[in-house]
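Peer 1: When you get a sec, could you give me coordinates for this:
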Amino acid sequence: MPAPSSQSSTLPASLDTIIVGSGPAGSTLAHELAKRGQNVLVLEWGKHEPIKGTFGQMAKMAAIPGKGAFINSDLSLLLRGITTGGSSTINFATALAPPLEYFKEVGIDLSQEIEEVKKLVPLDTLPDSLMGPMAHTISDAATSLGLNWQKLDKFIHMDRCQSHCHRCSYGCPYDAKWSARHPLEAAQKLGAKLITQAKVERILIENGKAVGVEYSQNGQTKTIYAQQVVLSAGGIGSPRILQNSIIQNTSSEEADSESYGFEKAGKDYFVDPVIAVMGSIKGMKSGREVPMAAGLHLPDEGIMLSDLTLPRPLFQAFSAQVGRFDRLFSHQNTLTIMVKIKDDLGGKIGPNWLNKTLSLADKQKLEKGCQIAEDILKQAGASHIFRSHHFAAHPGGTAKIGEVVNNNLQTQVDGLYVCDASVIPKAWGLPPSYTLICLGLRLAKHLAGKSKLSTTIS
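Peer 2: Here you go, the predicted model:
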């Protein structure tokens, strides 16, 4: 699929909605609002380059320190995609439906949206022909231990997917993997506008109402106005914009500082910690497979496992990170199992840093999951078993429903919404894309039919 075009001119005379960020929630929302006739503008910090499926391109999207890559205080690594489509461009396309009870507790029913997603995106398990030998070996070993190891739903067009391919995490060059670029391109065909390399710095607020945003582009500061603004900049980006939008209310005689509840943004969040458990099998030759083809979910314990065939550079980085230099050249015969947990809420996101450490309970969950993974690898006949250091997968819960936004995802500021992983109200431990698409669909229904205001750029 060609990359969405970047347009900074020919904007309509008035804008209904500005959407900050083009990940699964933001792009879905843009498409749904455009279908309903709204004038929509998407502002994306990243670029819109066509996907090549290379390590170098992925590194530019997600590995630039302070932009796509972060080191927490306990030295865990967190990556996010800064590009059109957001992290969905470089994720593993794993589709787990939203846990309905999580959202019903805060007055949100996503059951209708779950069914709508099935009609909008490719959603199925991989056929055996697209599962590689490593995934099959892990699945057979787990099943022989009596574990409920099942194929996982994927956002993949199976007829386009290539066997013996490992490029999900690089960005799929075959247009087989669904990403948020698809609804973004569809939104543009319906008239939505896109401006890339536009980093939104703060929300413009007048008399308690959001009227636009301020963003930087190519060293210039610009402002743009609309009837309503939706932050979909992700679990790190959205709270930072909210924090930066706490303004001085100069219209008051006392010039009181207005916070609008934004001071709660970026506090007590989750990151879904992950450890890769690896072991080698003599004679195995693979290393190029669709990752997370099958796995085990233990929701009551907050643990998830799956196969995780890593591209060679990532495998070597994880091996070197824990001093296993003896395994650097064993990529083709090493099985990898991902252990991911639902971590306790905690930490804080600042303007230029993250501060999130693992609790004792988190470490115990990871240990239990790693023991299961090691048992599976031993059952498969693996040797030289070792673990990576933990890293972070899905930051969220940084602008929670019930704290920063209500169950319509609106902040205390009229016309200002948040729709991304930030609003997830509890600890998570799951791939979030399916949920974010559902939230985008739901918010579109709420926002449709709003009146229009004049728009200008300065």
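
Peer 1: most centrally placed residue in the protein?
Peer 2: Ser87 (4.9 Å; Cα atoms, centre = their mean).

Peer 1: Next one: the nearest residue to that one once chain neighbours are set aside from Gly237, what distance?
Peer 2: Spatial nearest neighbour of Ser87, excluding adjacent residues (Cβ to Cβ, 6 or more residues apart in numbering): Gly81 at 4.0 Å. All C-beta atoms are positioned from the backbone trio N, CA, C, and that covers glycine. Separation of Gly81 from Gly237 (Cβ to Cβ, to the nearest Å): 11 Å.

Peer 1: And for Ala320?
Peer 2: 30 Å.

Peer 1: So the two - more neighbours on which side?
Peer 2: Gly237 (25 against 12; other Cβ atoms under 10 Å).

Peer 1: Output the contacting helices and strands for the strand or helix carrying the more buried one.
Peer 2: Applying DSSP states H and E as the criterion places Gly237 in helix 234-244. Other elements packing on helix 234-244 under the criterion 3 or more Cβ pairs under 8 Å, 6 or more residues apart in numbering; DSSP states H and E are strand 17-20, strand 199-206, strand 228-231, strand 346-349.

Peer 1: in the stretch 251-400 of the chain, which spans are helices?
Peer 2: Secondary structure of the stretch 251-400 of the chain (DSSP state H, counting those that start in this stretch): helices located at 312-321, 360-379.

Peer 1: same thing with the stretch 51-200 of the chain?
Peer 2: 55-62, 100-104, 111-120, 133-144, 181-189.

Peer 1: possible to save the ones you listed as a markdown table with mean pLDDT?
Peer 2: Shown next, in a markdown table, are the helices of the stretch 51-200 of the chain (pLDDT from 0 to 100):
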| stretch | mean pLDDT |
| --- | --- |
| helix 55-62 | 91 |
| helix 100-104 | 95 |
| helix 111-120 | 96 |
| helix 133-144 | 97 |
| helix 181-189 | 97 |
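
Peer 1: In a markdown table: those helices, plus distance to Leu15 and mean neighbour count.
Peer 2: Below are the helices of the stretch 51-200 of the chain laid out as a markdown table (distance: least, Cβ to Cβ, whole Å; neighbours: other Cβ atoms under 10 Å):
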| stretch | distance to Leu15 | mean neighbour count |
| --- | --- | --- |
| helix 55-62 | 28 | 19 |
| helix 100-104 | 29 | 15 |
| helix 111-120 | 25 | 15 |
| helix 133-144 | 46 | 21 |
| helix 181-189 | 14 | 22 |
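
Peer 1: could I get the ones you listed as a markdown table with distance to Tyr434?
Peer 2: Converted to a markdown table, the helices of the stretch 51-200 of the chain look like this (distance: least, Cβ to Cβ, whole Å):
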| stretch | distance to Tyr434 |
| --- | --- |
| helix 55-62 | 21 |
| helix 100-104 | 12 |
| helix 111-120 | 6 |
| helix 133-144 | 21 |
| helix 181-189 | 14 |
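
Peer 1: residues of stretch 292-310 that come out buried?
Peer 2: For stretch 292-310, the buried set under the neighbour-count rule, 16 or more other Cβ atoms under 10 Å, comprises 292-298, 302-310.
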